[in-house]
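Engineer: Can you look at this prediction? I've put the sequence above it.
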Amino acid sequence: QIQRALRSLSIPLERLHIMKGHMMQDMCKGLSRQTHAQAKVRMLPTYICSTPNGTEKGNFLVVELCQNQVRTVLVTLYGDGNMSPQMVYKIFDLPEGIMQGEGEALFDFIAQCLSQFLAETFSSDTSKSEERLPLGFVFPFTCRQTQLNKAELLSWSKGFSCSGVVGEDVVQLLQSAINKQELCHVDVVAVMNDTVGTMMTCSTEGRTCEVAMVADKGSNCCFMAEAYLVETADETSGRMCVNTEWGCFGDDGTLNDLFTPYDECVDVESSNPGEKRFEKMVGTLYLGEIVRQALIALTAEKAVFTGTDIGVLKEKGVFTIQHVLEIVKNEDGTTDVKKILEALGLQPSERDCGRVQQICRAVVGRAATLHATGLAAILSYMCQTRDMETLMVNVGMEGELYKGYPRFEEILISVSRLLSPECMATLLPSRDGSGRGAAMVTAVALRLAAQRRELDEVLAPLRLSRPDLEKVQALMKEEMERGLCKETNAAASVRMLPTYVAHTPDGTERGDFLALDLGGTNFRVLVVRVTEDGISMASEIYVIPAAIMQGTGEALFDHIIDCIIDFQTKQNLVTDMLPLGFTFSFPCQQMGLDKALLLTWTKGFSASGCVGQDVVQLLREAARRKQHLGMQVVALVNDTVGTMMACGYDDPKCEIGLIVGTGTNACYMEEMRNVGTVEGDQGRMCINMEWGAFGDNGCLDHLFTHFDKVVDETTINPGKQRFEKLISGMYLGEIVRQILVVMTEKQLLFQGKVSPKLQTRNIFQTKFLSTVELNGLPLRQIRAILNELELDAGFEDCVLLREVCQTVSLRAAQLCAAGLAAVVEKMRQNRGLDQLNVTVGVDGTLYKLHPCFSKNLQKTLKDLAPNCNVSFLLSEDGSGKGAALVAAVASRAAN
């Protein structure tokens, strides 16, 4: 019978693996908004998003509601890495019956304790007695927290059942009671349970602690989860401490096969049968009862206490955790065990003492093993969700079982390593209970609030309101009209250049066409075959060295012709005279479809002898120099028009082209009657807006921040392409870098240390913004980006970096949307429509690769132009395919 009892209390390793898997599944259920209500592991957000960094200083009050006491603490921090906090505390016993009385009486008593404590602590220092005192409230019961200082009690436990508190905000109840005591300088800043307090207590003295476990009357664990996974809270950046409330694990039946008859008896006799099944197997409130039930059952089977009176064991609560721990600790024979059992009124034999000791060890050993399994589930979950191969983490420990059972730590470490070999946990004993931790939570909250105020001050100029965007939209419309008007065109910042493209493809185009695409450091040559079955393409990318980009025009166009000859040779097209569409993504004044004067270089080009020249002629002259006859330039198009034409082949409603990549631009089909710079009133013509220069006349100066001005001044074209410098990929990374430098100087980032690399222009590439803003990107990958810049980034630095990137990219998307809103509204009004349905063909790496840009752009556009139903079609190869289609449409018209 004894062996059978001991076997029922030991759990095989395979079963522990299954239990770990079940707990991880239940954790995921608890974090998901859809399944949270059904989860037994509640996974409650605590709104604690950061651990101490050692700079916290000041006086902080703590009130801790314990099992039968109120503990008041005053913690003084000195900003010295929290190595030597000063603590003064006083403990008050709870009056008889208050735990089952009215809630108001309980909170009034807590406030009276606080008032008395402050009066005694500050009796000799009246100056301090009036200073504002932030307070952290340790409230060790299950709450639904919606802010750091707002928590609604879900249920009482541990013998408490005060009326009028369940469903109420406990912070408000405490603050009201404090105000009654006329302690108007005391503000409740944070509420947490004892588990969270333990984690924060263990996060002092230069260590970070990201998990805490309390193995006490109840049992619980908390840990720092990736915030985007905590769907029940709105926070998506960084990490948030989650209070697992794992005591209810198994209430759905997943632990039924582990429940022994002794556990069943304890459960039935408890105040909440069927609930908190896990806690009832591991909490010290229940372990003495499990032993008592086992001894009653074994006596009935005549395995212990034969022939003696065990009436005393029939009394609930007689066998306490203190008895169990004393019996377990006793390694030297059974003499002391006999004394303990005799003191209870039992008459044990030598054999009884040995068997009782075996049962006690089995019960506490099982409790330690189950704690280890829960910890293993949490560690593996952290490791997986952080995308790490191995996890090393500190675990804060507190509680009667942890402190009182000598083998608890050994079992916890060994079993959790067996179940989660990829994780290495170091246990940190909590000192000062959770009081110091509550002060830490409060101190960190105040530090973060101050940091938030400074951060908002830095980023405020970059955050645009609805009126700001409406003003940009109105200014864009004004500039568009100035650009279209013959009299004002020369002075307009938005040039509104006619492209001489009057039609989009109609599907009857056929043949082979060459396309060139020159728009940045890479240059492409393509052959595009248009047949009844659709379009097929072959292409090759060539690099333009910086020396050629900034050398002579002759060298640049000779290099381009060399690339074309190389491509045609590889494609066996040297002998064919093919129509060629030339995508040239720089501001030009188009004089005809195959004649365009370069107005200015952008995107880092500065080849001499080109500005003011016909670029088609420059290409033809280079072909003559190289004696190349295999091509005939029929159309010059910029990449924006090419994008519109490429998408127009797939969607006849596509009448706008948009590029948001290294640079930015837009084009659209305007009514000829509105184009004052070209003769004729019939039909439509595609207008190349060249909107990158919007604001060059000063109309956007009110939006330019200090950071934008610094970036503009260090470019090769200061004062030019102002709109583009707020939006396009070439500049966003540099804007972010300028902000990071200022924030570091203000001690908001990287402990105020600016690395030489961060001082280097253009070191922070725009592709980093796309990476940093990926939802769910593990913070260690953001850290890796910062490490490349030789920055020793902490977890908080990564969170702040993400916010800076989000602010800069959101502004870019919103400004782009405001410009587009002006375009679609103009088209709608031109056509006299109540509702415009139009498609935008869009290209560019920023739009395509940034995780949020397109969504933010579309949302803002819908808001600013509600009467326009705008679809977006990604260009598969705008500048290549589009240029060939312009050539194809031109050839069709010529034929």
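Structural biologist: Arrived safely. Numbers count the residues shown, from 1 in each chain.
Engineer: going forward, measure contacts between C-alpha atoms and count neighbours the same way
Structural biologist: Will do.
Engineer: Just give the closest residue to Glu532, not the sequence neighbours.
Structural biologist: Arg510 (7.5 Å; CA to CA, 6 or more residues apart in numbering).
Engineer: Now for that neighbour: which residues touch it?
Structural biologist: Neighbouring residues of Arg510 by CA atoms under 8 Å, 6 or more residues apart in numbering: Arg529, Val530, Thr531, Glu532, Ala888.
Engineer: Would you list the buried entries among these?
Structural biologist: Arg529, Val530, Ala888 (16 or more other CA atoms under 10 Å).
Engineer: ok, the closest residue to Asp216 other than its chain neighbours to Thr254 distance?
Structural biologist: The shortest distance from Asp216 to any residue other than its chain neighbours is 4.3 Å, reached at Gly399 (CA to CA, 6+ apart). As for Gly399, its distance to Thr254 is 26 Å (criterion: CA to CA, to the nearest Å).
Engineer: Show me which of those two is the more surrounded one.
Structural biologist: Gly399 (22 against 15; other CA atoms under 10 Å).
Engineer: which non-adjacent residue is nearest Gly729?
Structural biologist: Thr662 is the one closest to Gly729 (CA to CA, 6+ apart), at 4.6 Å.
Engineer: my bad, should have said Ile548
Structural biologist: Using CA to CA, 6+ apart, the closest residue to Ile548 is Leu556 (5.6 Å).
Engineer: which helices and strands sit right next to whichever helix or strand Tyr89 is part of?
Structural biologist: If you go by DSSP states H and E, Tyr89 is part of strand 86-93. Counting contacts by 3 or more CA pairs under 8 Å, 6 or more residues apart in numbering; DSSP states H and E, strand 86-93 packs against strand 69-78, helix 103-121.
Engineer: Neighbouring strands - and their directions - for it?
Structural biologist: Strand 86-93 sits in its sheet next to strand 69-78 (antiparallel), going by DSSP bridges.
Engineer: Buried residues of the partner strand, list them for me.
Structural biologist: Within strand 69-78, judged by 16+ other CA under 10 Å, the buried ones are Val70, Arg71, Thr72, Val73, Leu74, Val75, Thr76, Leu77, Tyr78.
Engineer: Can you get me the centre-to-centre distance for it and its chain?
Structural biologist: Here strand 69-78 is found 33 Å from its chain centre; the criterion is CA atoms, centre = their mean, to the nearest Å.
Engineer: average pLDDT for that strand?
Structural biologist: What strand 69-78 shows for mean pLDDT is 91.
Engineer: Which helix or strand lies directly C-terminal to the helix or strand bottoming out on mean pLDDT in the chain?
Structural biologist: Between all helices and strands in the chain, the lowest mean by mean pLDDT, DSSP states H and E belongs to helix 126-129, at a mean of 56. Heading C-terminal from helix 126-129, the first helix or strand you meet, by DSSP H and E, is strand 133-138.
Engineer: Given that next one, what are its sheet partners and their directions?
Structural biologist: By DSSP bridges, strand 133-138 pairs with strand 57-65 (parallel), strand 186-192 (parallel).
Engineer: Report the distance from the first one to the chain centre.
Structural biologist: Put simply, strand 57-65 sits 30 Å off its chain's centre (CA atoms, centre = their mean).
Engineer: go on, the shortest one?
Structural biologist: On the basis of CA atoms, centre = their mean, the separation between the geometric centre of strand 186-192 and that of its chain is 26 Å.
Engineer: and that strand with helix 103-121, angle?
Structural biologist: 120 degrees (axes from the mean of the first three to the mean of the last three CA atoms, to 10 degrees).
Engineer: Using CSV, write down the CA coordinates of strand 186-192.
Structural biologist: The C-alpha trace of strand 186-192 is given here as CSV (Å, rounded to 0.1, in the frame of the first residue of the first chain):
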residue,chain,number,x,y,z
VAL,A,186,0.5,60.2,-1.8
ASP,A,187,-0.3,58.9,-5.3
VAL,A,188,-0.9,55.3,-6.1
VAL,A,189,1.2,54.9,-9.2
ALA,A,190,1.3,51.1,-9.7
VAL,A,191,-0.5,48.0,-8.6
MET,A,192,1.0,44.5,-8.9
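Engineer: Excluding its own residues, what touches the helix or strand that it is followed by? List them.
Structural biologist: Sequence-wise, the next helix or strand downstream of strand 186-192 (DSSP H and E) is helix 194-201. Contacting residues not belonging to helix 194-201 are listed as 51-52, 138-140, 209-214, 220-222, 241, 243, 395-398, 430-438, 440-441 [CA under 8 Å, 6+ apart].
Engineer: Stretch 524-541 now?
Structural biologist: Counting by CA under 8 Å, 6+ apart, 509-518, 522-523, 542, 563-564, 567, 880-881, 884 sit against stretch 524-541.
Engineer: same question for that stretch, mean pLDDT?
Structural biologist: Averaged across stretch 524-541, the pLDDT comes to 90.
Engineer: what comes up buried for stretch 502-519?
Structural biologist: Here stretch 502-519 shows 502-505, 509-510, 512-519 as buried, counting by 16+ other CA under 10 Å.
Engineer: Now tell me what touches stretch 839-846 from outside.
Structural biologist: Here stretch 839-846 makes contact (CA under 8 Å, 6+ apart) with 643-644, 646-648, 651, 653-662, 728-729, 853, 870-875, 878.
Engineer: Try it again at 7 Å.
Structural biologist: Stretch 839-846 has contacts (CA atoms under 7 Å, 6 or more residues apart in numbering) with 643-644, 647, 653-661, 729, 870-875, 878.
Engineer: do the same with stretch 786-805
Structural biologist: For stretch 786-805, using CA under 7 Å, 6+ apart, the contacting residues are 237-238, 736, 749-750, 755, 757-758, 769, 772-773, 779, 782-783.
Engineer: May I see those arranged in a markdown table, with secondary structure, pLDDT and neighbour count as well?
Structural biologist: Shown next, in a markdown table, are the contacts of stretch 786-805 (DSSP: H, G, I helix; E, B strand; the rest coil; pLDDT from 0 to 100; neighbours: other CA atoms under 10 Å):
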| residue | secondary structure | pLDDT | neighbour count |
| --- | --- | --- | --- |
| Ser237 | coil | 71 | 22 |
| Gly238 | coil | 78 | 23 |
| Val736 | helix | 95 | 24 |
| Leu749 | coil | 88 | 24 |
| Phe750 | helix | 87 | 20 |
| Ser755 | coil | 84 | 15 |
| Lys757 | helix | 85 | 13 |
| Leu758 | helix | 86 | 20 |
| Leu769 | helix | 84 | 24 |
| Val772 | helix | 86 | 25 |
| Glu773 | coil | 85 | 21 |
| Leu779 | helix | 72 | 22 |
| Ile782 | helix | 83 | 21 |
| Arg783 | helix | 80 | 21 |
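Engineer: out of those residues, what pair is the most spread apart?
Structural biologist: Comparing every pair within the contacts of stretch 786-805 by CA to CA identifies Ser237 and Lys757 as the most remote, at 25.6 Å.
Engineer: What about Ala491, how many residues nearby?
Structural biologist: Neighbours of Ala491 using other CA under 10 Å come to 12.
Engineer: Can you give me the distance of it to Pro718?
Structural biologist: Counting by CA to CA, the gap from Ala491 to Pro718 is 18 Å.
Engineer: Below-threshold pLDDT in the stretch 151-300 of the chain: ranges please.
Structural biologist: Within the stretch 151-300 of the chain, the ranges that satisfy pLDDT under 70 run 205-206, 236.
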